[in-house]
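I'll drop the sequence and a predicted model, then ask my questions.
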Amino acid sequence: AHNSPMWTALTDSLCDLGESPFWHPQERSLYWLDIAGCQVLRTRGPIGAGVQVERWPLPQAPGCMAPARRGGLVIALRDGIYRARTWGGPLARMAAAAHDGATMRFNDGKCDPLGRFWAGSINEAKTGRNAALYCLDPRAAGAALEPKAGDAMTANGLAFGAGTLYWTDTPSHTIRTYPWEPEANRLGPPRAWRRFDAKQEGAPYGGRPDGATLDAQGRYWVAMYEGAQVLCLDGAGGGTLAALPVPVQCPTMPCFGGDDLRTLFVTSARKGRPADELARQPDAGRVLMQRVEAAGRPVDFFDD
């Protein structure tokens, strides 16, 4: 494992585009995806430098996933939301995507505390702001994907606070918040909660907001893609409370894990990055981890 101050990289965790990490408390295992490599990955055995990593090849690019209470996973693939009852087992499609799979796929998503699965989409062709956020309620008749928010190009940063839903459109450098009624599953109008400076030639660049998670105190931890940092933001006002530099240019999503949920895991990307940058950053595409003072929240399970 390559080490930088504070961070340890998981050996054998290399991905083209690592995303959607979560800690499975019963299995004491970290799960994540390689979107470009069409794989689900998970650790086996104690988390450390020489940890074992299992890889499961998928037939399409996955965007996000969540663990299911009755075992297995729910996974958003390019053309729909699928249920896998067992690791490496058959994939049963629960709901078809509403988008054209030629130019769009699912991206960031997770379950809410009431066991519903949410997945946002991405316009890979970057031709318009037609990406949306969908919800799949396993208890609703017909189990269709319900559109909940839109006007985005790259859905990211999904998190569920107390009465607040966080959602990001990465290219616009803006994290939005929506008033959210969890039981009725109603969203109010969005507001621009935190904007970051866009990229400008010759100016220092802090990155754009990618995947995110909330800690036990409601603070919002976000990976800043191309900014080589993870920020901890005040969950109410959105101000920066801490900035954690990471030894890779493109962190993609943080999550908390370990038995005490005080290990911060961060996935990262190497796809499309310049060769000289990758030579300087051998851990690009790997999962990074470090112990932190903050404790996370346990992952929310799909409740079918």
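Received, thanks. Numbering: from 1, shown residues only.

How are the helices of the stretch 151-300 of the chain distributed by residue range?
275-280 (DSSP state H, counting those that start in this stretch).

For the closest residue to Val51 other than its chain neighbours, list the residues it contacts.
Nearest non-adjacent residue to Val51, counting by CB to CB, 6 or more residues apart in numbering: Thr43, 5.0 Å away. For glycine as for every other residue, the C-beta is placed from the backbone atoms N, C-alpha and C. For Thr43, the contact set (CB atoms under 8 Å, 6 or more residues apart in numbering) comprises Leu10, Ser29, Leu30, Val51, Gln52, Val53, Glu54.

Quick one: which of these is the most crowded by neighbours?
The most neighbours of any of those, using other CB atoms under 10 Å, belong to Leu30, which has 25 neighbours.

Which secondary structure element is home to that residue?
Taking DSSP states H and E as the criterion, Leu30 maps to strand 29-34.

which is the next helix or strand following that strand?
Later in the chain than strand 29-34, the nearest helix or strand by DSSP H and E is strand 39-44.

list the buried ones in that next one?
In terms of neighbour count (16 or more other CB atoms under 10 Å), strand 39-44 has its buried residues at Gln39, Val40, Leu41, Arg42, Thr43.

and stretch 116-135, how far from the chain's centre?
14 Å (CA atoms, centre = their mean, to the nearest Å).

Can you pull out the low-pLDDT segments for the stretch 101-250 of the chain?
Applying pLDDT under 70 to the stretch 101-250 of the chain flags no residue at all.

switch the cut-off to 80
Scanning the stretch 101-250 of the chain for pLDDT under 80 picks out the ranges 141-143.

would you list every one of the strands in it?
Here the stretch 101-250 of the chain has its strands, by DSSP state E, counting those that start in this stretch, at 104-111, 117-123, 131-136, 145-152, 155-160, 164-169, 174-181, 186-187, 191-195, 208-214, 220-225, 229-233, 240-245.

How about the contacts made by Asp234?
Asp234 neighbours (CB under 8 Å, 6+ apart): Arg219, Tyr220, Thr240, Leu241.

Tell me, how many residues neighbour the closest residue to the third one other than its chain neighbours?
Spelled out, that is Thr240. Excluding the flanking residues, the one nearest Thr240 by CB to CB, 6+ apart is Leu231, at 5.5 Å. By the criterion of other CB under 10 Å, Leu231 has 23 neighbours.

Would you mind giving the strands of the stretch 101-250 of the chain as JSON lines with distance to Phe302 added?
Putting the strands of the stretch 101-250 of the chain into JSON lines (distance: least, CB to CB, whole Å) gives the following:
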{"stretch": "strand 104-111", "distance to Phe302": "5"}
{"stretch": "strand 117-123", "distance to Phe302": "5"}
{"stretch": "strand 131-136", "distance to Phe302": "9"}
{"stretch": "strand 145-152", "distance to Phe302": "14"}
{"stretch": "strand 155-160", "distance to Phe302": "14"}
{"stretch": "strand 164-169", "distance to Phe302": "18"}
{"stretch": "strand 174-181", "distance to Phe302": "18"}
{"stretch": "strand 186-187", "distance to Phe302": "20"}
{"stretch": "strand 191-195", "distance to Phe302": "27"}
{"stretch": "strand 208-214", "distance to Phe302": "17"}
{"stretch": "strand 220-225", "distance to Phe302": "22"}
{"stretch": "strand 229-233", "distance to Phe302": "26"}
{"stretch": "strand 240-245", "distance to Phe302": "30"}
